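Engineer: no FASTA, just this:
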């Protein structure tokens with residue numbers, strides 16, 4: 001097992017949080033698995049990517065001067081091209097960088113001249129978006145989930161809703177509590193029109 005590209009914490013940090021000695025490597029694979037699972041869960045909940053990466057996104061032109069991009073914060077635009085046929089197989093037109101800029105909101109592309117041309121998947125934007133350093137509250141939420149997964153495995157509680165001894169019964173937590181969800185809720189993708197954007201990561 002290895003950490004995925006979207007892993008929100010390092011193996012070393014997770015092991016420290018779990019109080020596993022740095023030189024103890026027998027649990028590395030399962031901890032990496034839990035980090036990957038926690039990272040995927042958080043990104044699924046907030047509907048966006050966190051770590052900085054290159055995104056290739058295709059959008060429909062709607063004769064507007066603004067394109068709302070799916071991932072943010074946008075830190076750089078590598079290229080912007082148009083193709084009336086929506087093929088992008090060599091016949092596209094590369095737009096001069098002087099004709100557009102990143103919006104002040106950090107999640108849009110703004111035309112500095114005419115409107116973007118109308119069409120179906122006729123706009124292609126390659127850009128960099130996300131955080132170079134994962135925010136501490138996101139890391140904290142990821143670590144909490146890793147600890148939760150680890151304890152569920154160690155205690156054999158997977159699938160159980162409660163356990164007890166004698167007349168005593170204790171409920172077993174089945175999902176992240178609201179306190180943890182609140183750690184990353186403010187990063188949830190804004191519910192704004194995306195011009196039916198079609199994206200590819202890479």
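Structural biologist: Okay, I see it. Bear in mind that the values here come from a model prediction, so they are computed numbers and not experimental data.
Engineer: can you count the residues close to residue 120?
Structural biologist: Using other Cβ atoms under 10 Å, residue 120 has 13 neighbouring residues. For the C-beta atoms, the positions are set from N, CA and C on the backbone; glycine is no exception.
Engineer: ok but it is inside a strand, no?
Structural biologist: Yes: with DSSP: H, G, I helix; E, B strand; the rest coil as the criterion, residue 120 is located in a strand.
Engineer: Isn't it up against residue 60?
Structural biologist: Yes: counting by Cβ atoms under 8 Å, residue 120 does reach residue 60; the two are 5.6 Å apart.
Engineer: for the residue positioned nearest the centre of the chain, what are its contacts?
Structural biologist: Taking Cα atoms, centre = their mean as the criterion, residue 49 is the residue nearest the geometric centre of the chain, at 1.7 Å. Residues in contact with residue 49 (Cβ atoms under 8 Å, 6 or more residues apart in numbering) are 6, 43, 55, 71, 129-130, 201.
Engineer: Just the buried residues from those residues, in ChimeraX please.
Structural biologist: A single ChimeraX command selects the buried members of the contacts of residue 49 (16 or more other Cβ atoms under 10 Å):
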select :6,43,55,71,129,130
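Engineer: Among the contacts of residue 49, which ones are in helices?
Structural biologist: The helices, defined by DSSP state H, take in residue 43 from the contacts of residue 49.
Engineer: so can I have a markdown table of the contacts of residue 49 showing distance to residue 102 and pLDDT?
Structural biologist: Shown next, in a markdown table, are those (distance: Cβ to Cβ, whole Å; pLDDT from 0 to 100):
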| residue | distance to residue 102 | pLDDT |
| --- | --- | --- |
| 6 | 23 | 96 |
| 43 | 22 | 94 |
| 55 | 13 | 96 |
| 71 | 12 | 94 |
| 129 | 10 | 96 |
| 130 | 14 | 96 |
| 201 | 19 | 57 |
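Engineer: Among the contacts of residue 49, which one lies nearest to residue 187?
Structural biologist: residue 43 (9.5 Å; Cβ to Cβ).
Engineer: I'd guessed that closest one sits against residue 53; true?
Structural biologist: No: counting by Cβ under 8 Å, residue 43 sits too far from residue 53 to count as a contact (11.6 Å).
Engineer: Neighbours of residue 100, how many?
Structural biologist: By other Cβ under 10 Å, 20 other residues sit near residue 100.
Engineer: Give me the distance between it and residue 47.
Structural biologist: Separation of residue 100 from residue 47 (Cβ to Cβ, to the nearest Å) stands at 25 Å.
Engineer: same check, this time on residue 87
Structural biologist: For residue 87 relative to residue 47 (Cβ to Cβ), the value is 29 Å.
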